[in-house]
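**Q** below are the sequence and a predicted model for it; my questions follow.
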Amino acid sequence: MPIDLTKEAPVLNHNIELVFFDIDGTLLAENGHYSSGLKQQISRLHHQGIKTAIASGRPSYAAQFLFDELAISDLGVFCTGAEIYHPKTDEHIQCHALPLGYVPVSYTHLTLPTTPYV
């Protein structure tokens with residue numbers, strides 16, 4: 001059951017310093033939008049001194065609107081760990097791209113089905 005983010009949440013008594021959010025199914029609903037209360041709840045985390053970041057299979061550029069609209073601005077992990085990006089400084093800390101010839105070579109090793117999918 002989804003959490004109702006429009007209700008007031010208690011102030012956390014914690015030692016939490018950083019919260020990572022996934023994008024699809026966590027920050028964004030199936031319709032590709034975030035709920036009306038999400039921005040308020042992330043702001044509450046910031047007011048409590050908790051940093052917010054994204055950990056996603058998406059590339060960092062696909063999260064730009066979340067950096068801008070939700071003020072999620074701490075170092076995050078993208079491309080399922082292949083990219084580490086800091087939105088505050090617009091700096092790619094680490095980026096592990098596939099070797100230049102990998103995709104064409106991989107494509108030649110694919111086996112295509114002999115019968116069409118029905």
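**A** Cool, the structure landed.

**Q** ok, Gln72 touching Ile42?
**A** Rather than Gln, residue 72 is Ile. Yes: with the criterion set as CB atoms under 8 Å, Ile72 and Ile42 qualify as a contacting pair; they are 6.7 Å apart. Where C-beta positions appear, they are placed from N, C-alpha and C, glycine not excepted.

**Q** can you list residues touching both of those two?
**A** Listed contacts common to Ile72 and Ile42 are Thr52; contacts here mean CB atoms under 8 Å, 6 or more residues apart in numbering.

**Q** I'd like the average pLDDT over the helix or strand that contains Leu45.
**A** Using DSSP states H and E, Leu45 falls within helix 38-47. Averaged over helix 38-47, pLDDT sits at 93.

**Q** which residues in the chain form strands?
**A** When assigned using DSSP state E, the strands of the chain occupy the ranges 18-21, 51-54, 76-78, 83-86, 91-95.

**Q** ranking those by burial, who's on top?
**A** Scoring the strands of the chain by mean neighbour count under mean count of other CB atoms under 10 Å gives strand 76-78 as the most buried, with a mean of 21.

**Q** which pLDDT value belongs to Asn15?
**A** Spelled out, the predicted local distance difference test score at Asn15 is 86.

**Q** same deal with the one 10 residues further on?
**A** Confidence per residue is given as pLDDT, and for Gly25 that number is 91.

**Q** next: the one 3 residues further on.
**A** Predicted confidence (pLDDT) at Leu28: the value is 94.

**Q** what does Ser106 give?
**A** With respect to pLDDT, Ser106 has a value of 63.

**Q** kindly report the same for Val103.
**A** Reading off the confidence values, Val103 has pLDDT 68.

**Q** where does pLDDT dip in this structure?
**A** Counting by pLDDT under 70, the chain contains low-confidence residues at 1-14, 103, 105-118.

**Q** wait, Tyr85 sits on His92?
**A** Yes: contact between Tyr85 and His92 holds when scored by CB under 8 Å: they sit 5.4 Å apart.

**Q** shared neighbours, those two?
**A** Contact criterion CB under 8 Å, 6+ apart; residues shared by Tyr85 and His92: Ser60.
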